[in-house]
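Sequence and predicted structure, then a few things I'm wondering about:
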Amino acid sequence: MDTDIYRIEYNHVEPCRGCVLIAEPFLRDQFFGRSVIFVVEHSVESGTMGLVLNKPLPVMLADIMCDCQSTEDIPVYRGGPLAMDTLFYLHTLADVQDSLPVTDGIYLNGDFEAIRRYILQGNPVRGHLRFFLGYAGWEDGQLHEECEADTWMVSRDGRPCLRDDTDQQWENALSSLGDKYRIWAGFPQIPELN
């Protein structure tokens with residue numbers, strides 16, 4: 001029997017803007033356990049910024065911004081432990097002024113008034129917009145060290161970042177890396193409680 005498949009090991013894909021970080025199965029961190037993080041900025045000089053995709057907060061956008069009423073409930077996610085009083089948003093709206101392109105067809109922030117108008121006009125939000133309070137950040141070299149310590153797996157495919165499957169997003173992201181990782185996706189986070 002090949003017991004190497006049970007060894008947690010970083011998949012040796014270098015993080016970059018537009019990639020996804022997938023937490024190792026047994027990470028017991030309040031913010032990052034079983035997290036999937038979309039990397040919106042990564043550079044040697046300024047470090048890394050990402051948004052946790054799969055940790056919804058118990059509030060909707062209308063709860064924190066009363067002038068953003070919509071016919072659908074728009075969830076807000078815990079983007080990370082930093083600047084939790086700041087709203088960030090990912091979107092697919094290429095014509096929003098001052099948006100920062102992250103990867104093909106995915107943008108960060110931009111003119112919020114244009115985003116608000118888009119919502120109030122009844123346009124679809126699911127698959128096009130996702131809102132976050134806070135962000136995750138790493139200083140220069142810190143993320144590389146955490147990857148080398150087998151804390152994160154890296155996927156170059158950031159396209160699923162706006163999907164609504166947050167309940168299974170960690171399992172799906174880890175499984176997409178191949179058979180060895182698919183086995184890990186079924187492990188309990190705290191084996192001794194199993």
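That came in fine, so what should we check first? Numbering: from 1, shown residues only.

all helices in this protein, in order from the N-terminus.
Secondary structure of the chain (DSSP state H): helices located at 61-64, 112-120, 142-148, 169-175, 179-185.

Remind me what the last one packs against, helices and strands.
Other helices and strands packing on helix 179-185, by 3 or more C-beta pairs under 8 Å, 6 or more residues apart in numbering; DSSP states H and E, are helix 169-175. (C-beta placed from N, C-alpha, C; glycine too.)

Report the distance from the helix it packs on to the chain centre.
Between the mean C-alpha location of helix 169-175 and the chain-wide mean there is a distance of 12 Å, by C-alpha atoms, centre = their mean, to the nearest Å.

what is the rounded mean pLDDT of that helix?
Computed over helix 169-175, the mean pLDDT rounds to 89.

OK, contacts around L61?
C68, S70, I74, P75, V76, I119, F131 (C-beta atoms under 8 Å, 6 or more residues apart in numbering).

That one and V76, how far apart?
Taking C-beta to C-beta, to the nearest Å as the measure, L61 and V76 are separated by 6 Å.

list residues touching both of those two?
Here L61 and V76 have F131 as joint contacts, going by C-beta under 8 Å, 6+ apart.

Okay, now the unreliable bits of the chain?
Across the chain, the ranges flagged by pLDDT under 70 are 1-7, 187-194.

how about the strands in it?
Listed in chain order, the strands found in the chain under DSSP state E are 20-23, 36-43, 47-52, 56-60, 75-78, 82-91, 100-103, 106-108, 129-138, 152-155.

Can you say which of those strands is nearest to N11?
For the strands of the chain, proximity to N11 was assessed by C-beta to C-beta; strand 152-155 is nearest, at 4.9 Å.

on contacts alone, who are the packing partners of the closest one?
Where contact means 3+ C-beta pairs under 8 Å, 6+ apart, strand 152-155 is packed against strand 20-23, helix 142-148.

Look up phi and psi at G79.
Note on G79: its backbone torsions stand at phi -70, psi -20 [degrees, to the nearest 10].

Nearest residue to it in space, ignoring adjacent ones along the chain?
Nearest residue to G79, sequence neighbours excluded (C-beta to C-beta, 6 or more residues apart in numbering): F132, at 3.1 Å.

hang on, that neighbour packs against V52?
Yes: between F132 and V52 there is a contact under C-beta atoms under 8 Å: 7.4 Å.

who touches both of the two?
Listed contacts common to F132 and V52 are Y77, R78, G79, G80; contacts here mean C-beta under 8 Å, 6+ apart.

who touches the first one in this structure?
When contacts are counted by C-beta under 8 Å, 6+ apart, Y77 touches L51, V52, L53, N54, K55, P56, L57, R130, F131, F132, L133, T166.

burial count for the closest residue to it other than its chain neighbours?
For Y77, the nearest residue in space outside its immediate sequence neighbours is F132; the separation is 4.9 Å by C-beta to C-beta, 6+ apart. Residue crowding around F132 was assessed by other C-beta atoms under 10 Å; the count is 25.
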